[in-house]
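In: With the sequence up front, the predicted model follows.
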Amino acid sequence: EGKKSLNFIEAFVESDLAAGKNGKRIQTRFPPEPNGYLHIGHAKAICLDFGIAERYNGICNLRFDDTNPVKEDVEYVDSIMEDIKWLGFHWENVYYASDYFPQLWDFAVRLIKEGKAYVDEQSAEIIAQQKGTPTQPGTNSPFRDRPVEESLDLFNRMNQGDFEEGSMVLRAKIDMASSNMHFRDPIIYRIIKHPHHRTGTAWKAYPMYDFAHGESDYFEGVTHSLCTLEFEVHRPLYDYFIDLLKKDDDYRPRQIEFNRLNLTYTVMSKRKLLQLVKEGRVNGWDDPRMPTICGFRRRGFTPSSIRSFINKIGYTKYDGIIDVALLEHAVREDLNATAPRVSAVLDPVKLIITNYPEGKVEMMEAINNPEDLTQGSHEIAFSRELFIEREDFMEDAPKKFFRMTPGQEVRLKNAYIVKCTGCKKNESGEIEEIYAEYDELTKSGMPESNRKVKGTLHWVSAEHSLPAEVRLYDRLFTVENPSEDKEKDFLELLNPDSLKVLTNCRVEAELQHAKPYDNFQFQRLGYFNVDPDSNSEKIVFNRTVSLKDTWSK
Ligand code: ATP
Ligand code: MG
Ligand code: MG
């Protein structure tokens with residue numbers, strides 16, 4: 001790890017440190033807008049913002065970018081904090097862009113007084129039309145040269161609630177012919193009458209992103225403002241406002257852009273995720289099929305698996321889409337090392353060991369994790385009546401079927417070698433019971449247990465096992481990139497079979513002590529975790545991932 005080469009952002013940071021910039025201080029921020037739950041894309045930004053601060057002995061603050069009250073809510077503020085902590089990061093301070101409303105207001109007033117901003121009474125549509133095109137200059141607003149006093153008065157009244165939303169805006173007076181469209185007199189304040197989750201109805205004029213973000217960075221003393229590539233074209237404007245704001249010191253925040261994370265078979269836009277939740281297409285923000293941090297948490301992903309995934313994909317200057325199999329690979333790698341192995345039968349059918357004494361119970365030793373023997377072992381009850389997976393039995397099996405079939409020996413994991421003697425079916429031909437005889441000399445650990453048999457099956461004792469519900473998840477969407485299809489609405493691309501609920505499962509008694517979010521490997525089946533929906537009647541499990549790794553380098 002130590003030798004890992006620097007990513008381009010770390011290289012920037014090191015060169016700034018070497019040049020002695022900003023008093024050799026490193027300060028970053030993570031700036032979510034509290035208008036939704038965090039998703040795995042945010043985890044990429046979080047790992048970078050907090051990671052850079054950690055690596056260079058700096059600080060990272062959490063700043064809520066709460067400049068649009070219409071979509072924002074404290075519910076989101078709380079969930080964002082919880083998710084960052086869960087990922088394992090610590091902010092130095094919590095700030096809110098709304099705390100800077102007074103300073104931003106003063107700055108805007110100053111710009112008006114200096115002839116660098118004006119109130120425009122045209123509609124947003126007209127203003128957009130007048131912007132021109134990248135090859136053609138825009139048209140000046142008829143309000144561009146209105147007297148300073150008039151703009152000051154209107155700006156004050158915009159904020160007092162004298163005017164309707166959309167009736168006027170404050171624009172920076174920069175250059176309607178600039179080759180950078182963002183310089184063509186950008187809107188910096190608009191009227192919003194919706195109450196704000198922190199400032200209530202104190203403000204009716206709200207700053208736009210471009211007028212709040214860089215200034216907030218400057219007020220706080222951010223040295224490196226890391227954001228995604230779509231903000232690259234905003235950078236000159238970011239610098240422009242900071243240059244106007246800046247005192248004569250040499251400190252300035254520096255914006256550096258990196259690529260967004262996109263994942264296959266999902267969507268990452270908060271607007272779309274909100275729509276899935278609102279329309280009941282999923283069971284909430286933390287539905288285990290969602291690409292949200294809380295969705296992955298509920299699904300059984302660990303913080304370290306997410307961080308390791310982010311570390312593997314790295315930071316670049318070009319956008320792409322990452323195979324979700326890499327994320328699944330990361331969680332498998334982590335859980336393989338940490339998750340205790342237990343037995344669960346998802347589709348149970350009864351197996352009766354006809355020569356095993358009735359009423360007898362043996363406690364068999366089960367190793368918790370063959371990858372890590374320090375995790376010890378636990379006991380699993382063996383008795384005459386067991387459950388095995390329905391698909392592990394075939395009455396007329398082909399030659400290569402190494403599981404349970406009449407006349408063939410198989411090993412019951414951690415217990416005995418048994419030989420199937422037949423089965424009982426109901427009228428419709430469904431298997432009701434399977435019969436087998438055990439060989440008492442083949443108990444796990446005894447010399448005879450080394451006898452060569454081709455199949456090993458998992459099982460649970462009928463009497464000693466517990467009822468469970470198991471939820472199996474598949475891709476949420478049927479196509480790799482649901483956002484790419486321009487013909488179809490993304491909702492049409494939802495996978496109708498993304499959730500399968502099995503209500504009749506059995507798990508070994510050891511799991512009665514399991515707590516919500518605990519991770520396990522169900523022998524032969526995959527990694528599962530306890531869902532918080534569990535109750536005293538039955539434990540509910542989510543399949544985190546199957547055992548089969550589909551990631552190929
Ligand atoms: P959306 O477009 O889905 O609403 P956003 O970018 O507006 O997302 P913010 O809450 O503003 O969401 O994001 C906070 C930080 O997280 C920003 O710095 C943003 O650049 C970063 N971020 C958001 N999405 C991703 C992503 N997919 N990959 C990497 N970083 C991201
Ligand atoms: Mg957004
Ligand atoms: Mg944003």
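Out: Arrived safely. Ligands and ions are numbered 1, 2, ... in the order given.

In: Helix, strand or coil: sort out Ser141 for me.
Out: Assigned with DSSP: H, G, I helix; E, B strand; the rest coil, Ser141 falls in the coil class.

In: Got phi/psi on it?
Out: phi -70, psi 140 (degrees, to the nearest 10).

In: Would you confirm that it contacts Ser123?
Out: No - with contacts counted by C-beta atoms under 8 Å, Ser141 stays clear of Ser123, the gap being 11.2 Å. (Glycine included, C-beta is placed from N, CA and C.)

In: out of these two, which sits in the busier spot?
Out: Between Ser141 and Ser123, Ser141 has the larger neighbour count (other C-beta atoms under 10 Å), namely 20 against 13.

In: In contact with that one, which residues?
Out: Taking C-beta atoms under 8 Å, 6 or more residues apart in numbering as the contact definition, Ser141 lies against 118, 120, 122, 127, 130, 171, 185.

In: Now those residues in a markdown table, please, with extra columns for pLDDT, neighbour count and distance to Thr201.
Out: Output for the contacts of Ser141, formatted as a markdown table (pLDDT from 0 to 100; neighbours: other C-beta atoms under 10 Å; distance: C-beta to C-beta, whole Å):
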| residue | pLDDT | neighbour count | distance to Thr201 |
| --- | --- | --- | --- |
| Tyr118 | 98 | 25 | 26 |
| Asp120 | 98 | 24 | 24 |
| Gln122 | 98 | 17 | 26 |
| Ile127 | 97 | 19 | 26 |
| Gln130 | 97 | 17 | 32 |
| Arg171 | 98 | 23 | 25 |
| Asp185 | 98 | 23 | 29 |
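
In: Show me what the closest residue to Phe163 other than its chain neighbours is bridged to.
Out: Leaving aside its sequence neighbours, Phe163 sits nearest to Ile191 (C-beta to C-beta, 6 or more residues apart in numbering; 6.0 Å). Taking DSSP bridges as the rule, Ile191 bridges to Ala205.

In: can you pull the contacts of Ile191?
Out: 158, 163-169, 204-206.

In: can you tell me which of those residues are in strands?
Out: Under the assignment DSSP state E, those contribute 169, 205-206 to strands.

In: Which member of those is positioned nearest ligand 1?
Out: Set against ligand 1, the nearest of the ones in strands among the contacts of Ile191 by C-beta to the nearest ligand atom is Tyr206 (15.6 Å).

In: ok, the closest one to Tyr95 distance?
Out: 17 Å (C-beta to C-beta, to the nearest Å).

In: of the two, who's got more company?
Out: Legend: neighbour count by other C-beta under 10 Å for Tyr206 and Tyr95, higher for Tyr206 (25 against 19).

In: Looks like the more buried one contacts Ile187 (just checking).
Out: No - applying C-beta under 8 Å as the test, Tyr206 and Ile187 come out as separate, 10.9 Å apart.

In: Turn the ones in strands among the contacts of Ile191 into JSON lines, including distance to Val331 and pLDDT.
Out: Below are the ones in strands among the contacts of Ile191 laid out as JSON lines (distance: C-beta to C-beta, whole Å; pLDDT from 0 to 100):
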{"residue": "Val169", "distance to Val331": "47", "pLDDT": "98"}
{"residue": "Ala205", "distance to Val331": "46", "pLDDT": "98"}
{"residue": "Tyr206", "distance to Val331": "41", "pLDDT": "98"}
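
In: and which of the residues you listed is nearest to Arg63?
Out: Of all the ones in strands among the contacts of Ile191, Arg63 sits closest to Tyr206, with 16.3 Å by C-beta to C-beta.

In: so who does the closest one touch?
Out: 67-69, 189-192.

In: which one of those residues is nearest Tyr238?
Out: Nearest to Tyr238 among the contacts of Tyr206, with distances taken as C-beta to C-beta, is Thr67, at 14.9 Å.

In: Could you look up the SS state of the closest one?
Out: When classified by three-state DSSP, Thr67 comes out as coil.

In: list the contacts for it?
Out: Contact analysis of Thr67 by C-beta under 8 Å, 6+ apart lists 33, 97-98, 206-209, 212.

In: Would you mind trimming the residues you listed to those in range of ligand 1?
Out: Filtering the contacts of Thr67 for neighbours of ligand 1 using C-beta under 6 Å from any ligand atom leaves Glu33.

In: Looking at the contacts of Thr67, spot the one nearest Leu493.
Out: Using C-beta to C-beta, Glu33 is the member of those that lies nearest Leu493, at 26.1 Å.

In: residues contacting the residue lying closest to His196 once chain neighbours are set aside?
Out: Nearest residue to His196, sequence neighbours excluded (C-beta to C-beta, 6+ apart): Pro69, at 3.8 Å. By C-beta under 8 Å, 6+ apart, the contact list for Pro69 reads 192, 194-197, 206.

In: Now the buried members of those residues.
Out: 192, 196-197, 206 (16 or more other C-beta atoms under 10 Å).

In: so which of the residues you listed comes closest to ligand 1?
Out: Taking these together and measuring to ligand 1 by C-beta to the nearest ligand atom, the closest member is His197, at 14.7 Å.

In: just to confirm, which helix or strand has the residue of the chain found nearest ligand 1 in it?
Out: For the chain, the nearest residue to ligand 1 under the criterion C-beta to the nearest ligand atom is Gly41, separated by 2.2 Å. Element membership of Gly41, judged by DSSP states H and E, is helix 40-55.

In: next one: Leu502
Out: Short version, using DSSP H and E: Leu502 is in strand 499-507.

In: Okay, buried residues for that strand please.
Out: Judged by neighbour count using 16+ other C-beta under 10 Å, the buried positions of strand 499-507 are 499, 505-507.

In: repeat for stretch 401-413
Out: Across stretch 401-413, burial judged by 16+ other C-beta under 10 Å covers 403-406, 408-413.

In: ok, which stretches of the chain are helices?
Out: Using DSSP state H, the helices of the chain run over residues 8-18, 40-55, 74-87, 101-113, 124-129, 148-160, 209-220, 235-245, 270-278, 293-299, 303-313, 324-338.
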